[in-house]
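K.L.:
I'll drop the sequence and a predicted model, then ask my questions.
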Amino acid sequence: MSDIIIFKQTIRMKRYLQFKKALTIAFAIAAISLVGCEQYVIESTVIDPNEPRSFQTDILPIFANHGCAASSCHGGTFLPDLRPDKAYASLKSTNCVTGTPATSAKLYKKFNNPHSGITLLDSDKQYILYWIEQGALDN
């Protein structure tokens, strides 16, 4: 009878050790995937303030990439209307791109105090600032 008990205990111990090994491997894989094998460095993009900025190629993509022109946001629901065909006129009519210095413009201030969980990259903020400083042209 004692041999059967010892046999059962041995099987339980083997299963326990297998489970412990599998759990250790799972935790190791999880730790490696969370930490990663590489160290990521975020480099700051330097934007030339004297390079001409374009509303069509520099500013509208920012609105699109961050979902600002979505129907639930500034896609006709809230002003300014940031849909591509309406954005420039709406920004001008709501005085969002006027101000001296340009950092006082409503559009720039809004993106420096993000709302609805939207956080712009520093380079996006620079594009907006330099575009306003250059006269906020519809180009």
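P.N.:
Good, I have the coordinates.

K.L.:
Residue 90 and residue 82 touch, don't they?
P.N.:
Yes - using Cβ atoms under 8 Å, residue 90 is in contact with residue 82, at 7.1 Å. Every residue, glycine included, has its C-beta placed from N, CA and C.

K.L.:
And the residue nearest the centre of this protein?
P.N.:
residue 119 (5.9 Å; Cα atoms, centre = their mean).

K.L.:
Tell me who's in contact with that residue.
P.N.:
For residue 119, no residue meets the contact criterion (Cβ atoms under 8 Å, 6 or more residues apart in numbering).

K.L.:
where does it land in three-state SS?
P.N.:
Secondary structure state of residue 119, per DSSP: H, G, I helix; E, B strand; the rest coil, is coil.

K.L.:
Helices along this structure, start to end?
P.N.:
For the chain, helices defined by DSSP state H occupy the ranges 2-35, 60-65, 87-93, 106-112, 122-133.

K.L.:
Output the contacting helices and strands for the shortest one.
P.N.:
Using 3 or more Cβ pairs under 8 Å, 6 or more residues apart in numbering; DSSP states H and E, the elements in contact with helix 60-65 are helix 122-133.

K.L.:
List the buried residues in the helix it packs on.
P.N.:
For helix 122-133, the neighbour count (16 or more other Cβ atoms under 10 Å) marks 124, 125, 126, 127, 128, 129, 130, 131, 132, 133 as buried.

K.L.:
could I get these as JSON lines with distance to residue 77 and pLDDT?
P.N.:
JSON lines is the format used below for the buried residues of helix 122-133 (distance: Cβ to Cβ, whole Å; pLDDT from 0 to 100):
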{"residue": "124", "distance to residue 77": "22", "pLDDT": "87"}
{"residue": "125", "distance to residue 77": "24", "pLDDT": "86"}
{"residue": "126", "distance to residue 77": "28", "pLDDT": "89"}
{"residue": "127", "distance to residue 77": "24", "pLDDT": "90"}
{"residue": "128", "distance to residue 77": "21", "pLDDT": "88"}
{"residue": "129", "distance to residue 77": "26", "pLDDT": "88"}
{"residue": "130", "distance to residue 77": "28", "pLDDT": "91"}
{"residue": "131", "distance to residue 77": "24", "pLDDT": "90"}
{"residue": "132", "distance to residue 77": "24", "pLDDT": "90"}
{"residue": "133", "distance to residue 77": "29", "pLDDT": "91"}
